[in-house]
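Chemist: A structural model of the following input is requested.
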Amino acid sequence: MRPIRTRPLVTLLLGLALGACGASTPSASAVAATISLANGSAALLWGSGQYGVVLVHGAVYDAASWGAQAQTFAEHGMTVLAVEQADAESVGAAIGYLRDDRGLPRVAVLGASAGSAAALAVGRDQPELVDQLILLSGGGDVASLGDFPKLFAASQGEPAASEAERMAADAPGDWNALYLAPGSAHAQAIFGSEGGSALLDALVARLEERR
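Modeler: Numbering: from 1, shown residues only. Alright, predicted model coming up:
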């Protein structure tokens, strides 16, 4: 795994995830449940852990495209909700479901490619709802975000890598990190590429730091 470059005062070492992904918990569910959110949109649910994760897919994907990653997160003690509609309203409704219906006080949001716009919007407009923000091959204005932790990830060889570097440098707060996976695949396609295993390990490590 390529070493992770972080901003000053970042204490997280995502590389530790390589040894962390072997254990599973009995709370994980291999089959996703379909959930109706308060705004009328649908989402898929995995797991029953004490830390919430909302997944926002890219333009050519859907909620089910997160299946393998969501199951891995669930096996590490998280309750995972993948929204079907990749917009800010659905992301907010998903966070509300995890907080109010599932009783989870802390929820991370992970947005991929086009889905990062919705994740960013919620992080900017409702920062009190976001425990941490992860953007995968995304981009946008991060200067107005809150001080909550953020991870900016991409493949080393894709154009979004430079955007991830810029956001890691511009984002406020002290617990921000940059992760560049091997290869040149984009967003969720990274999981099926040479960098997929390393990226998933890095995401698990980041989420577990807050779980």
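Chemist: now do the helices in the protein.
Modeler: 67-75, 88-96, 115-125, 160-170, 196-210 (DSSP state H).
Chemist: and these as CSV, adding mean pLDDT?
Modeler: What follows is these, written out as CSV (pLDDT from 0 to 100):
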stretch, mean pLDDT
helix 67-75, 97
helix 88-96, 98
helix 115-125, 97
helix 160-170, 97
helix 196-210, 95
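Chemist: hey, which helix or strand in the protein has the poorest pLDDT?
Modeler: Across the helices and strands of the chain, mean pLDDT, DSSP states H and E gives its lowest value to strand 5-6, namely a mean of 40.
Chemist: pLDDT score for S27?
Modeler: pLDDT, S27: 37.
Chemist: wait, G138
Modeler: Per the predicted model, pLDDT is 96 at G138.
Chemist: quick one: end-to-end length of stretch 135-148, please.
Modeler: End-to-end span of stretch 135-148 (CA to CA, to the nearest Å): 13 Å.
Chemist: buried ones in that stretch?
Modeler: Across stretch 135-148, burial judged by 16 or more other CB atoms under 10 Å covers 135-140, 142, 145-146, 148. For every residue, glycine as well, the C-beta is placed using N, CA and C.
Chemist: farthest pair in those?
Modeler: S137 and G146 (22.2 Å; CB to CB).
Chemist: ok, now how distant is the residue lying farthest from the centre of the chain from E84?
Modeler: Residue farthest from the centre of the chain, counting by CA atoms, centre = their mean, is G40 at 22.8 Å. Remark: distance between G40 and E84 (CB to CB, to the nearest Å) = 11 Å.
Chemist: kindly report the same for V204.
Modeler: 24 Å.
Chemist: neighbour-wise, which of the two wins?
Modeler: Using other CB atoms under 10 Å, the more surrounded residue of V204 and E84 is V204, with 23 against 17.
Chemist: could I get the helices of the chain as JSON lines with distance to R102?
Modeler: What follows is those, written out as JSON lines (distance: least, CB to CB, whole Å):
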{"stretch": "helix 67-75", "distance to R102": "13"}
{"stretch": "helix 88-96", "distance to R102": "10"}
{"stretch": "helix 115-125", "distance to R102": "18"}
{"stretch": "helix 160-170", "distance to R102": "30"}
{"stretch": "helix 196-210", "distance to R102": "16"}
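Chemist: hang on, V109 packs against L133?
Modeler: Yes. Under the criterion of CB atoms under 8 Å, V109 makes contact with L133 at 5.5 Å.
Chemist: need the residues touching each of these two.
Modeler: Counting by CB atoms under 8 Å, 6 or more residues apart in numbering, the shared contacts of V109 and L133 are 119, 123.
Chemist: spatially central residue for the protein, please.
Modeler: The chain has L110 as the residue nearest its centroid, 2.4 Å off, counting by CA atoms, centre = their mean.
Chemist: what's near enough to touch the closest residue to that one other than its chain neighbours?
Modeler: Leaving out its chain neighbours, the residue that sits closest to L110 by CB to CB, 6 or more residues apart in numbering is I134, at 4.2 Å. I134 sits next to 108-111, 119, 150-153, 203, 206 when contact means CB under 8 Å, 6+ apart.
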